[in-house]
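**Student:** what would the 3D arrangement of this be:
(one chain, ligands or ions: 1)
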Amino acid sequence: MSASANHQVLNAFVRARWLAVTLRSRRSLRAHQDQGLTRWCDHVRESFPHHDPDTLTMSKPALMANFSAYNQERLSADEVRLSLASGRVHPDVSCGTSTGTSGNRGLYVISDAERYQWLGTILAKALPDVWRRRHRVAVILPQNSALYQAGNQSRWLQVQFYDLRDGPEQWADQLVAFAPTALVAPPKVLRWLAENADRQHLKPQRIFSAAETLEAPDRRVIEAAFGRQLGQIYMATEGLLGVSCRHGTLHLTEDFVKFDFEWVTNTLATPIITDFSRRYQLMARYPMNDLLHLQDEPCRCGSPLQAVREVVGRQDDVFWFGTTMVTPDILRNAVLNADPTIDDFRVQQRPDETLLLCLPDSLGDAVRTSALNGLSAALERRGVRVNIVPTRLETDDLFTRKLRRVERLRG
Ligand SMILES: [Zn+2]
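**Tutor:** Residues are numbered from 1 along each chain as shown. Here you go, the predicted structure:
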């Protein structure tokens, strides 16, 4: 990483720490957001004269249909796709694609300055002691993540990136040799490490799950194996949306992003984000695909940033039976609560509305039967009677595909 890049990461780090110290009430947070939004509106008027920032509303289909209207250099989606192999549109602008299902992939472009800001902000929120002790941070994500290339060596930090899609046999030994003090990876990878890696030598002090929904069975295995509380970094192609505090509570990054909510049920909401910290690509009143269970009470850490009880899953993976909606948390809990030994499963809805319940062979017949009964009882309580087909769980695509335990299959 160049001296200037180092400097930018450090600047972002200091700024995020300063915000954490100074924004101690909802009121001061709102004032900070209003100020940020005012500056952002000025930028939109100046650099995107075809948009009115006061009324601009985005969506993924609109963004993909007219990509050039939403980035500062008017890059088209086709131009960006041509640069995907190198990950670079210009020497100082990166691009990437989300790991969504094919046909539904999002594209993004981000300037280097913004990536460094992103890295500095994550560090400030996740590892506030990073500059007192030289952390070794290991990040295991699909290579298309914007965090990549954002930093590796510097005086106050070492970051190593490992490409998830290469599979652990490619990088597990290197990872152990690096001896990270902090580890960031999707929950399935952390769990694989918990169950397989040479833990004598892998002793991170801080562990964060990222990029996929964190579920209770994985959390249990990971925390027990490493003897550490598991934190979360909630990030997506669309940006950095949340980081856990030292108490383990996930807080939204309201100091950089304005969150509005669309309520899907009484308890679950979909965030609609306006990222007033980004300039190169616009993200304005953009609905995310995630379902969040927000926490009403403030966190013990005293932060005014909205606390999230759970990122429940994707709105895409809400199951529909006629006009009846069943959210992923209900399906997941129905299976997990059926028997404490269930530590992996899939529930999938096929286009004809029937369900597949996939469980590992290692579970006995009695456990499989109670999972089936638990799932059908939970659905019946919502007036849904449906054919559930029990099948064997295959996990060979664990590292090449995004893990979704509750998934609505497309035709
Ligand atoms: Zn907190």
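**Student:** mind listing the helices for the stretch 101-250 of the chain?
**Tutor:** Assigned by DSSP state H, counting those that start in this stretch, the stretch 101-250 of the chain shows helices spanning 112-126, 168-178, 187-196, 216-226.
**Student:** quick one: average pLDDT of the second one?
**Tutor:** Spelled out, that is helix 168-178. Summarised as a single mean, pLDDT over helix 168-178 is 90.
**Student:** for it, packing partners?
**Tutor:** Where contact means 3 or more Cβ pairs under 8 Å, 6 or more residues apart in numbering; DSSP states H and E, helix 168-178 is packed against strand 136-141, strand 157-163, helix 187-196. Placement of C-beta: from N, CA and C, glycine included.
**Student:** indicate which one of these is closest to residue 97.
**Tutor:** strand 136-141 (13.4 Å; Cβ to Cβ).
**Student:** just how off-centre is that closest one within its chain?
**Tutor:** Taking Cα atoms, centre = their mean, to the nearest Å, the mean C-alpha location of strand 136-141 is offset from the chain mean by 15 Å.
**Student:** list the helices and strands it packs on?
**Tutor:** Judged by 3+ Cβ pairs under 8 Å, 6+ apart, the packing partners of strand 136-141 are strand 157-163, helix 168-178, strand 182-185.
**Student:** count the neighbours of residue 192 for me.
**Tutor:** Burial of residue 192 is recorded as 21 neighbouring residues (other Cβ atoms under 10 Å).
**Student:** longest helix in the protein, please.
**Tutor:** The longest helix of the chain (DSSP state H) is helix 26-47.
**Student:** helix or strand next in line after that helix, which one?
**Tutor:** Sequence order places helix 60-65 as the next helix or strand after helix 26-47, per DSSP states H and E.
**Student:** okay, buried residues for the helix or strand following that following helix please.
**Tutor:** Counting by DSSP H and E, the element after helix 60-65 in chain order, helix or strand, is helix 77-82. Across helix 77-82, burial judged by 16 or more other Cβ atoms under 10 Å covers residue 80.
**Student:** how far away is residue 70 from residue 79?
**Tutor:** Separation of residue 70 from residue 79 (Cβ to Cβ, to the nearest Å): 13 Å.
**Student:** surely residue 9 meets residue 115?
**Tutor:** No: the pair residue 9 and residue 115 fails to qualify as a contact (Cβ atoms under 8 Å) at a distance of 9.2 Å.
**Student:** of those two, which one has the most company?
**Tutor:** Higher neighbour count among residue 9 and residue 115: residue 9, with 27 against 24, using other Cβ under 10 Å.
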